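Asks: my questions are about this predicted structure, shown below with the sequence.
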Amino acid sequence: MSSLLNTDPTIFKLIEKEAERQEFGIELIASENYTSKAVMEAMGSVLTNKYSEGYVGKRYYGGNEVIDEVEQLAIDRCKELFGCEHVNVQPLSGSPANAAVYLALLQPGDKVLGLKLDHGGHLSHGHPVNFSGILYNFVQYEVEKESGRIDMEKVREVALREKPKMILAGFSAYSRNLDWKRFKEIADEVGAITMADISHVAGLIAGKAIDSPVPYFDVVTTTTHKTLRGPRGAVIMCKAPFAKAIDRGLFPGMQGGPHDHINAAKATAFLEALRPDFQVYAKNVIKNAQAMAGELMRLGYKIISGGTDNHLMVVDMTSKGVSGKEAEVVLEKIGISTSRSTIPFDTRKPMDPSGVRLGTAAITTRGFDEADSVQVASIIDRAVVSKGDETVLAALREEITALCRKHPLYA
Ligand SMILES: *Cc1c(COP(=O)(O)O)cnc(C)c1O
């Protein structure tokens, strides 16, 4: 990056500093991952110079012969990876992708069923401060207090009572598999459109480690930068009859020109996810999450729903006498990144909730195995119960540095 160093040494140094933080820190934020250098090279390319409003073969700008090939490749690879009938690869990120779907298939005020935010849902699934909750009439379903799981019979009850135009299944903080087939049956019973948002688990689905909603659902959105390990961005997949409306919803409905450098990087990430080693990765992500959750439970932590089927877990810190924020802060001190999280039926405030959300997508990319994940759980515990003791924290910081050296990030 010698040009950047010459032109803007300040930004250059900040990027170096961030690279150092990533190299010697343990990344447990469930929505994060490390892309390959190949993906980053596609992103940092001349494709960023192009305008290409429209779609392959139907652009509003000239000079798009190459861009058409790039976008078509991203489309073809995404179709192969997920087995979808149609895909739009242009969404800039997850929230705009969801916005485009709502715009395409709903009228303002239409009723949609979505999982409540503090029960594991996402802002764009109808939270009152988000455009989704402002423009559409979201009715939220919840997890059960005892089990921490979604009870499909309760979802059916809500659906029968509310008769929504759309049923949305998907989450940002739920550690169990969703029963896609059952969601579809319930939607059919009330004549609702089915939409899945697989942003968190797309990589596990692509890696054939968990079930896919694509065979059942009308529309499936996903970000490309979480377990899928691509650039920041998103795609919208759908059944053929929805293709035209979805494409129009995204452009010209929601966005202007696509980010062609990002779409190229999506194509590269799909290629990587099509390789057999990505299936091994996806399975290892889950094994590591289960090892980490198992050790934390052994150490007396409560995991919401009692474990995990995917890459993430929400840990209730109450039994250790600390809040989610306090845990996040002490872990940050020793180089572990996490995100505080509400737990279902939380009595604490969202800025200082009871839980912490952990995920294993990033550490698995750098080669952590189950033993390493158990060690990370042990480090977390020792930090949380340390009461901020500087000697303990310094020793833990060293243990983490050693773990990171064992698994270099961009070796
Ligand atoms: C992360 C996430 C999104 C939003 O993604 P952004 O790219 O941050 O806008 C949407 N839905 C779900 C379920 C997510 O987890």
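Replies: Received, thanks. In this text the structure is predicted, and so the values were computed from the model without any measurement. Residues are numbered from 1 along each chain as shown.
Asks: check contacts around the most centrally placed residue in the chain.
Replies: Geometric centre of the chain, nearest residue: residue 200, 3.0 Å, by C-alpha atoms, centre = their mean. Taking C-beta atoms under 8 Å, 6 or more residues apart in numbering as the criterion, residue 200 is in contact with 30-31, 170-172, 226-227, 310-312. Every residue, glycine included, has its C-beta placed from N, CA and C.
Asks: from these, pick the one nearest residue 263.
Replies: For those, the closest approach to residue 263 (C-beta to C-beta) belongs to residue 226, at 17.5 Å.
Asks: so the closest one sits in a strand?
Replies: No. Residue 226: not assigned to a strand; according to DSSP: H, G, I helix; E, B strand; the rest coil it is coil.
Asks: can you check the pLDDT for it?
Replies: At residue 226, the pLDDT value in this model is 98.
Asks: quick check: phi and psi at it.
Replies: When read as degrees, to the nearest 10, the backbone of residue 226 gives phi -100, psi -120.
Asks: tell me which element the closest residue to it other than its chain neighbours falls in.
Replies: Leaving aside its sequence neighbours, residue 226 sits nearest to residue 31 (C-beta to C-beta, 6 or more residues apart in numbering; 5.0 Å). Remark: residue 31 resides in no helix or strand, with elements defined by DSSP states H and E.
Asks: next, count neighbours for the one residue in the stretch 1-150 of the chain that gets nearest to the ligand.
Replies: Here the stretch 1-150 of the chain gets closest to the ligand at one residue, residue 94, 2.4 Å apart by C-beta to the nearest ligand atom. Neighbour count for residue 94, taken as other C-beta atoms under 10 Å: 27.
Asks: and it, what does it touch?
Replies: So residue 94 contacts 122, 124, 197, 199, 221-223, 234 (C-beta under 8 Å, 6+ apart).
Asks: picking that back up, ok, and which of the contacts of residue 200 reach the ligand?
Replies: 31, 170-172 (C-beta under 6 Å from any ligand atom).
Asks: buried ones among those?
Replies: Buried by 16 or more other C-beta atoms under 10 Å: 31, 170-172, out of those.
Asks: among those, which two are most distant?
Replies: By the measure C-beta to C-beta, 31 and 170 form the most distant pair in those, at 13.0 Å.
Asks: for those two, list the residues in contact with both.
Replies: Both residue 31 and residue 170 are contacted by 199-200, under the criterion C-beta under 8 Å, 6+ apart.
Asks: could I have the CA atoms of the longest helix belonging to the chain written out in CSV?
Replies: Criterion DSSP state H: the longest helix present in the chain is helix 276-298. Below are the C-alpha coordinates for helix 276-298, written out as CSV (Å, rounded to 0.1, in the frame of the first residue of the first chain):
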residue,chain,number,x,y,z
PRO,A,276,-15.1,-28.3,-0.4
ASP,A,277,-12.9,-26.8,2.3
PHE,A,278,-15.6,-24.2,3.1
GLN,A,279,-17.9,-27.1,4.1
VAL,A,280,-15.2,-28.2,6.6
TYR,A,281,-15.0,-24.6,7.8
ALA,A,282,-18.8,-24.4,8.4
LYS,A,283,-18.8,-27.6,10.4
ASN,A,284,-15.8,-26.5,12.4
VAL,A,285,-17.5,-23.1,13.2
ILE,A,286,-20.4,-25.1,14.9
LYS,A,287,-18.1,-27.5,16.6
ASN,A,288,-16.1,-24.6,18.1
ALA,A,289,-19.3,-22.8,19.2
GLN,A,290,-20.5,-26.0,20.9
ALA,A,291,-17.2,-26.6,22.6
MET,A,292,-17.1,-23.0,23.9
ALA,A,293,-20.8,-23.1,25.0
GLY,A,294,-20.2,-26.4,26.8
GLU,A,295,-17.2,-25.1,28.7
LEU,A,296,-19.0,-21.9,29.7
MET,A,297,-21.9,-23.9,31.0
ARG,A,298,-19.5,-26.2,32.9
